[in-house]
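**Q** sequence and predicted structure below; questions after.
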Amino acid sequence: MKTLIAANWKMHGDLSWRAKPNAFRRAYGVPTHGKNSGVDILICPPSHMICALVDGAKGHDIHIGGQNCHQAETGAFTGEISANMLADCGATYVIVGHSERRAIFGETDSMVAEKADSAITAKLVPIICVGESREQRESGQADEVVGDQLKSSIPASANGDTLVIAYEPVWAIGTGLVPTLDDIAAMHDHIRGILSTRFGDEKAQTIQILYGGSVKPSNAKDILALTDVNGALIGGAGLDMESLCAIAQAVEG
Ligand code: PEP
């Protein structure tokens, strides 16, 4: 399975950032030449930049995705963007259920499932985010919380063919704190088990499970070497193309 290195730019940047895919490619090299071919790079910029970034990424073998979508295809939803609209711009992925969307915008598991469903219908790959709070981890509830989120956030329409899961402990996002490698490995194994129950062992093995939360060039190699970690979802370090490049290169060993 390929490793997916995904940068979530959140609400940062302007149209001058359309040149970033080019800067990334200069630092990273060209996968079609054999090097780095086991890695997919995804950048999820703010919505107003998606079309420009799709253009800027042409020829650089970089995917562009959305950070969120509305669950409806179209309608009177001022300020929202649908999965179809993201696809219309040339996006190929969309993040759904990021902890900031859940905490700040009140998104529930069932809304996340609807968003993921609309993404699949629009032929986008949904990246479904799950993760426990610090209190939940400290009280020994992490497995149960993440398991429940996962089961309720994967839509009935998913058959496992176009689906990515991101495990992002809320307390590790933007804090510099990272779970131990053993804890990351155990949670990814737990998630794989739930995917196996839902989709069968064979299909579950093909679903990428990303880790997210304070991934940096300095810790990427160890995290990405874990058995069930198939990539990373990166916030802060993904704004800088040298850092993103160093994280992607960590996959190569
Ligand atoms: C995130 O926001 O999904 C994230 C992982 O952020 P950071 O890498 O900055 O912790």
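**A** Cool, the structure landed.
**Q** quick one: contacts of the lowest-mean-pLDDT helix or strand in the chain?
**A** Using mean pLDDT, DSSP states H and E, the weakest-scoring helix or strand in the chain turns out to be helix 20-28, at a mean of 87. Residues from elsewhere that reach helix 20-28, judged by C-beta atoms under 8 Å, 6 or more residues apart in numbering: 36, 41, 43, 53, 56-57, 60-62, 241-242, 244-245, 248-249. Every C-beta, even on glycine, is put in place using the N, C-alpha and C of the backbone.
**Q** tally of neighbours for the residue in the chain that the ligand sits nearest to?
**A** Residue nearest to the ligand within the chain: G235 (2.2 Å; C-beta to the nearest ligand atom). Close neighbours of G235, defined as other C-beta atoms under 10 Å, add up to 20.
**Q** residue contacts, D14?
**A** Here D14 is in contact with M49 (C-beta under 8 Å, 6+ apart).
**Q** could you redo the last one with a cut-off of 10 Å?
**A** Taking C-beta atoms under 10 Å, 6 or more residues apart in numbering, we find D14 in contact with 45-46, 48-49, 52.
**Q** same deal with D222?
**A** Neighbouring residues of D222 by C-beta under 10 Å, 6+ apart: 178, 181, 184, 229, 250.
**Q** export the contacts of D14 to CSV and tack on secondary structure and neighbour count?
**A** Formatted as CSV, the contacts of D14 follow (DSSP: H, G, I helix; E, B strand; the rest coil; neighbours: other C-beta atoms under 10 Å):
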residue, secondary structure, neighbour count
P45, coil, 28
P46, coil, 16
H48, helix, 11
M49, helix, 22
A52, helix, 18
